[in-house]
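Chemist: No letters, just coordinates:
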């Protein structure tokens, strides 16, 4: 940070007077946090208003990878042991072992929760409806995916600069909140009502779809499903 620049409040965007001394800069930041802590805290918790926007998300079998097994109520998905339904289909995800959800979101606010297996790998979030479903590259926001995942015991955000997130080791229920107009996607530890990560500037020019990818079972273990909460 340049020493001759003002300090911009992250909430109200007000810019303080120039602060040549680091101590003064810290005081200005502390003042901004005190003034807006109530709003900041609200943004980092799952509110009753957010839960009132609960969506009845279900899996779209027409998009499921051939290794995945979906429940009859289209509320859970797990890794299978053999391929099925291998007929070519442009709607189906063929390279990523994943499935999309419905409905799609082109406006408004939406919230849902997913149970994930402790100790198992997974990926959750949203993607563009028109995402390349035969893509072989990374699932990053640059490719139209706004997701978090658990890999090698770590929770990661697949942003332009991938980062490891701080999360409870016992994370087993993830909340996902989408505000299309504000172009944000937020992730929460729903069991502990704690914030995990937020994507900003998520393009709203086309619909977004829920995204689910259960990881393969560990050797000798039974596959654990991702389950969309009622």
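Modeler: It's in. As the structure is a prediction and not an experimental result, all values here were calculated from the model.

Chemist: For the chain, which residues score under the pLDDT cut-off?
Modeler: 1-24, 33, 36-42, 83-95, 134-137 (pLDDT under 70).

Chemist: Break it down into its structural domains.
Modeler: 1-43, 48-228 (automatic domain parsing).

Chemist: Would you agree residue 172 is in contact with residue 119?
Modeler: No. When contacts are counted by CB atoms under 8 Å, residue 172 is not listed as touching residue 119 (9.7 Å). Using the backbone N, CA and C atoms, a C-beta is placed for each residue, glycine as well.

Chemist: Check the secondary structure at residue 97 for me.
Modeler: Put simply, residue 97 is coil when judged by DSSP: H, G, I helix; E, B strand; the rest coil.

Chemist: One more: the one 10 residues further on?
Modeler: When classified by three-state DSSP, residue 107 comes out as coil.

Chemist: Not counting residues beside it along the chain, what's closest to it?
Modeler: Distances taken as CB to CB, 6 or more residues apart in numbering place residue 180 nearest to residue 107, at 5.2 Å, with adjacent residues excluded.

Chemist: Against residue 51, how distant is the one you found?
Modeler: Residue 180 sits 18 Å away from residue 51, taking CB to CB, to the nearest Å as the criterion.

Chemist: ok, now residue 104?
Modeler: For residue 104 relative to residue 51 (CB to CB), the value is 21 Å.

Chemist: quick one: the strands in the protein?
Modeler: 58-59, 68-70, 76-79, 99-102, 109-115, 122-128, 145-151, 154-157, 163-165, 173-179, 184-189, 194-199, 208-214, 226-228 (DSSP state E).
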